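Q: next comes the sequence, and after it the predicted model I'd like to discuss.
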Amino acid sequence: MSQLSKLRHGRTQWKHKATQRANQNRYQRKQLARVTHERDCAATALKETQARLRQFESQSQGLVVRPKVDVVLLALQLFVVARIGFRAVSRVLSLLAWALGIKNAPCPQTVINWVMRLSIVRLEAARRLKGLPLRQAPFTNGLIWMLDVSIGLGTGKMLAVLACDAQHHQLTPGALSLGRVHCIGVGVAASWSGETIAELLGHLIAQMGRPAAYLKDGGSELQKAVDLLGEQGLGSPCLDDVSHAVAGMLKRVYQDHPSFETFLSACGRVSGKLKHTMLACLTPPKVRTKARFMNVHRLFTWADRLLKLSPPGGAKTASTLAKLRACLDQLPACKALIKRFRADALGLLECQKILKIKGLSHDTLAECEPLIDTMPSAALRQEFRAYLDFELKTATTLGLDHVGLPISSDTIESLFGMAKHHGVGETQDAARIALRLPAFCGLPTREEAEQVLNVSVARQQEFTSPVISLTKQRREVLGHPERLESLSITQGALPVECISGPKNRSNHQNIVQISTSYEELHGPQLGSPARPRHLENPVPPGRTETALIS
């Protein structure tokens with residue numbers, strides 16, 4: 001091979017090797033650039049992730065150190081507003097502890113203590129409670145006091161006194177609710193007479209002044225207590241709850257009706273025939289024997305709807321209609337009574353709805369007139385009009401005839417009902433229920449939660465020690481049978497009154513008489529120097545502070 005051929009062949013091999021090296025270098029440069037880009041992206045993502053992690057850790061640390069007052073407020077809201085039990089409150093807070101930043105969720109007993117201390121805080125704050133001044137009742141505190149007595153297990157009966165602003169319907173639209181009332185006093189005793197109720201009300205008047213009016217049901221003891229206060233110069237107008245008044249009217253008109261007992265007996269027999277059958281969904285609603293006329297309209301509504309399922313005409317043998325007719329007993333014979341009672345009850349219920357939402361005034365009375373005219377019973381129409389006219393005179397005396405006078409005590413009824421079924425367990429202990437009544441009135445606030453934390457254990461024990469607890473008695477007697485006879489000793493204890501006690505003035509049962517001659521006044525009047533002056537909330541000297549009287 002010549003030198004030229006060798007040179008050309010060597011150049012070809014060099015070019016081939018150079019091309020291979022160029023391709024390899026080019027591939028390595030691309031891979032290096034890709035790896036470098038991925039490394040830079042990974043480093044940036046790592047920094048961002050670390051930054052987010054540090055931010056999350058800082059937020060988590062901030063939640064862990066959440067103030068205890070927030071935990072107390074949340075627990076109280078779950079119990080009072082959401083209305084779940086103590087164990088349920090503890091479980092909810094344990095489940096949401098990580099999200100809410102709660103380090104240790106409270107146990108059920110801690111929640112019980114917070115609720116009890118909320119009652120203490122609210123009773124102590126009740127002494128500062130005042131309503132808007134009433135121009136025509138200048139010597140009152142501007143509040144309406146609702147009174148009621150209820151029973152629980154044991155020999156104790158609960159007496160509760162709630163206060164609401166007399167001008168509620170001007171301040172807040174809608175019916176009166178638990179969020180707009182304040183519990184100013186509770187008491188537990190084996191029985192409540194007019195004298196004992198008047199004594200408790202006298203203690204409250206010494207602390208808060210005389211109310212603008214009392215709102216009660218038809219109980220004779222409550223009326224006697226109000227009359228006794230009037231004899232002592234501490235009287236205030238007395239209002240009758242519209243629901244109880246209507247129930248009394250229905251009772252007087254229909255209790256002696258020849259078909260009424262037949263109707264009630266038929267409802268009981270129909271209920272027995274419908275139970276445990278394919279028609280069990282048609283059983284009548286339950287109506288209590290006591291205070292039957294408060295809800296007896298439900299039975300008549302049920303009977304009317306049930307009779308409409310059986311139209312005139314024949315029914316096939318063994319059909320569902322035939323089975324239903326076999327269970328109706330004497331209900332078809334009471335059809336006239338059912339129709340008449342329903343017409344009366346419908347008009348009364350519509351009037352109650354208007355009066356509970358807007359209060360009693362000239363305008364609401366005008367709204368009720370067309371409804372009253374639709375009622376077929378003349379005696380019922382006359383009595384209901386007389387009741388409204390009488391209560392409207394009281395509203396005029398207080399200057400609320402154009403604003404709306406609250407005449408419904410459903411709030412205190414719902415308070416007792418909720419307290420008996422919420423947070424008491426299997427034992428409806430009257431004493432324990434009474435101590436928790438103030439906690440259900442109003443919505444918990446952060447300020448109250450802070451005050452709950454400031455209540456000491458000694459103050460809580462002082463508040464609860466005079467009350468006889470059935471749960472505590474059961475624990476002691478079942479564990480120590482020899483202590484059985486102690487039950488007869490403890491049941492003879494004196495009545496317990498939990499009222500708003502004073503801090504800077506005395507609480508004396510002998511109260512200076514306050515003038516009640518404000519009906520003719522039209523605003524505060526200046527008396528002549530020769531006439532004696534009557535002071536609101538006068539306090540005799542030499543008294544000691546009493547927050548829990550036993």
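A: Happy to help now that I have it.

Q: from here on, just use CA atoms for contacts and neighbour counts.
A: Noted.

Q: run a quick neighbour tally on the nearest residue to Ala315 once chain neighbours are set aside.
A: With sequence-adjacent residues excluded and distances taken as C-alpha to C-alpha, 6 or more residues apart in numbering, Ala315 is closest to Ala322, at 5.6 Å. Taking other C-alpha atoms under 10 Å as the criterion, the count of residues near Ala322 is 14.

Q: please apply the same query to Ala247.
A: Close neighbours of Ala247, defined as other C-alpha under 10 Å, add up to 20.

Q: so it sits right up against Met294, yeah?
A: Yes. Ala247 is within contact range of Met294, at 5.2 Å (criterion: C-alpha atoms under 8 Å).

Q: secondary structure element for the residue nearest to Ala315?
A: For Ala322, the enclosing helix or strand under DSSP states H and E is helix 320-327.

Q: next SSE after that helix?
A: Using DSSP H and E, the next helix or strand after helix 320-327 towards the C-terminus is helix 335-358.

Q: so what secondary structure elements neighbour that next one?
A: The helices and strands touching helix 335-358, judged by 3 or more C-alpha pairs under 8 Å, 6 or more residues apart in numbering; DSSP states H and E, are helix 242-254, helix 297-308, helix 362-373.

Q: let me know which of those helices is the nearest to Asn25.
A: Nearest of the helices and strands packed on helix 335-358 to Asn25, taken as C-alpha to C-alpha: helix 297-308 at 94.4 Å.

Q: any idea of the mean pLDDT in that closest one?
A: The predicted model gives helix 297-308 an average pLDDT of 92.

Q: how distant is it from the center of its chain?
A: Here the centre of mass of C-alpha atoms in helix 297-308, compared against the chain's by C-alpha atoms, centre = their mean, to the nearest Å, lies 30 Å away.

Q: okay, the angle between that helix and helix 242-254?
A: Angular relation of helix 297-308 and helix 242-254 on a 0 to 180 degree scale: 60 degrees, by axes from the mean of the first three to the mean of the last three C-alpha atoms, to 10 degrees.

Q: in helix 297-308, what's buried?
A: If you call a residue buried by 16 or more other C-alpha atoms under 10 Å, then helix 297-308 has these buried ones: His297, Arg298, Leu299, Phe300, Thr301, Trp302, Ala303, Asp304, Leu306.

Q: what do you get for stretch 192-207?
A: Along stretch 192-207, the positions that meet the burial threshold by neighbour count (16+ other C-alpha under 10 Å) are 192, 194-195, 197-207.

Q: where is the longest helix in this structure?
A: helix 3-64 (DSSP state H).

Q: same question for whichever helix or strand comes after that helix, mean pLDDT?
A: Using DSSP H and E, the helix or strand that directly follows helix 3-64 along the chain is helix 68-80. Confidence over helix 68-80 (mean pLDDT, whole number) is 93.

Q: how about residues contacting helix 68-80?
A: Taking C-alpha atoms under 8 Å, 6 or more residues apart in numbering as the criterion, the residues outside helix 68-80 that touch it are 84-86, 89, 93, 102, 111, 114-115, 439-440, 443-446, 449-450, 453.

Q: before we move on, the earlier item: per-residue pLDDT, the residue nearest to Ala315?
A: Looking at Ala322, its pLDDT stands at 90.

Q: equivalent analysis for Ala189, please.
A: pLDDT at Ala189 comes out at 84.

Q: circling back: quick one: the longest helix of the chain to chain centroid distance?
A: When distances are taken as C-alpha atoms, centre = their mean, helix 3-64 is centred 71 Å away from the chain's centroid.

Q: so where is the protein shaky, pLDDT-wise?
A: Within the chain, the stretches with pLDDT under 70 are 1-2, 4-8, 10, 58-66, 152-155, 423-428, 467-471, 482-483, 485-497, 500-550.

Q: which residue is the nearest non-sequential neighbour of the residue positioned nearest the centre of it?
A: The C-alpha lying nearest the average C-alpha coordinate of the chain belongs to Leu178 (C-alpha atoms, centre = their mean; 4.5 Å). For Leu178, the nearest residue in space outside its immediate sequence neighbours is Cys441; the separation is 5.2 Å by C-alpha to C-alpha, 6+ apart.

Q: then Met208?
A: Using C-alpha to C-alpha, 6+ apart and skipping the chain neighbours, the partner closest in space to Met208 is Arg127 (5.7 Å).

Q: excluding chain neighbours, what is closest to Gly248?
A: Once its chain neighbours are removed from consideration, Gly248 has its nearest residue in Phe293; the separation is 7.4 Å (C-alpha to C-alpha, 6+ apart).

Q: now swap in Arg180 and tell me
A: Leaving out its chain neighbours, the residue that sits closest to Arg180 by C-alpha to C-alpha, 6+ apart is Gly442, at 6.0 Å.

Q: quick check: the residue nearest to Leu178 touching Leu176?
A: No. With contact defined as C-alpha under 8 Å, Cys441 does not reach Leu176; the gap is 11.7 Å.

Q: which elements pack onto the strand or helix carrying Glu413?
A: Assigned by DSSP H and E, Glu413 belongs to helix 410-421. Contact partners of helix 410-421 among helices and strands, from 3+ C-alpha pairs under 8 Å, 6+ apart: strand 143-151, helix 430-436.

Q: one more time with 6 Å, if that's ok
A: Here helix 410-421 is seen to pack against no other helix or strand when contacts are counted using 3 or more C-alpha pairs under 6 Å, 6 or more residues apart in numbering; DSSP states H and E.

Q: what's the offset of it from the middle of its chain?
A: Offset of helix 410-421 from its chain centre (C-alpha atoms, centre = their mean): 7 Å.

Q: alpha carbons of the helix or strand containing Ala449, as PDB, please.
A: Element membership of Ala449, judged by DSSP H and E, is helix 446-454. Extracted in PDB, the C-alpha atoms of helix 446-454 (Å, rounded to 0.1, in the frame of the first residue of the first chain):
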ATOM      1  CA  ARG A 446     -65.200  34.600  77.300                       C
ATOM      2  CA  GLU A 447     -65.500  36.900  80.300                       C
ATOM      3  CA  GLU A 448     -67.500  34.300  82.100                       C
ATOM      4  CA  ALA A 449     -65.000  31.600  81.200                       C
ATOM      5  CA  GLU A 450     -62.300  33.700  82.800                       C
ATOM      6  CA  GLN A 451     -64.400  34.100  85.900                       C
ATOM      7  CA  VAL A 452     -65.000  30.300  86.100                       C
ATOM      8  CA  LEU A 453     -61.200  29.800  86.300                       C
ATOM      9  CA  ASN A 454     -61.000  32.200  89.200                       C
END
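
Q: what's the angle between that helix and helix 68-80?
A: Angle, helix 446-454 to helix 68-80, by the same axes, to 10 degrees: 110 degrees.

Q: please tell me how far Ala198 sits from Arg128.
A: Separation of Ala198 from Arg128 (C-alpha to C-alpha, to the nearest Å) stands at 22 Å.

Q: again, but for Pro237
A: Distance of Pro237 to Arg128, given as C-alpha to C-alpha: 22 Å.

Q: same check on Asp429?
A: Here Asp429 is placed at a distance of 30 Å from Arg128 (C-alpha to C-alpha).

Q: give me the more crowded residue out of the two.
A: Neighbour totals were compared for Asp429 and Arg128, and Asp429 leads with 21 against 11 (other C-alpha under 10 Å).

Q: what's opposite the more buried one in the beta bridge?
A: In this structure, Asp429 has beta-bridge partners Leu153, where bridges are defined by DSSP bridges.
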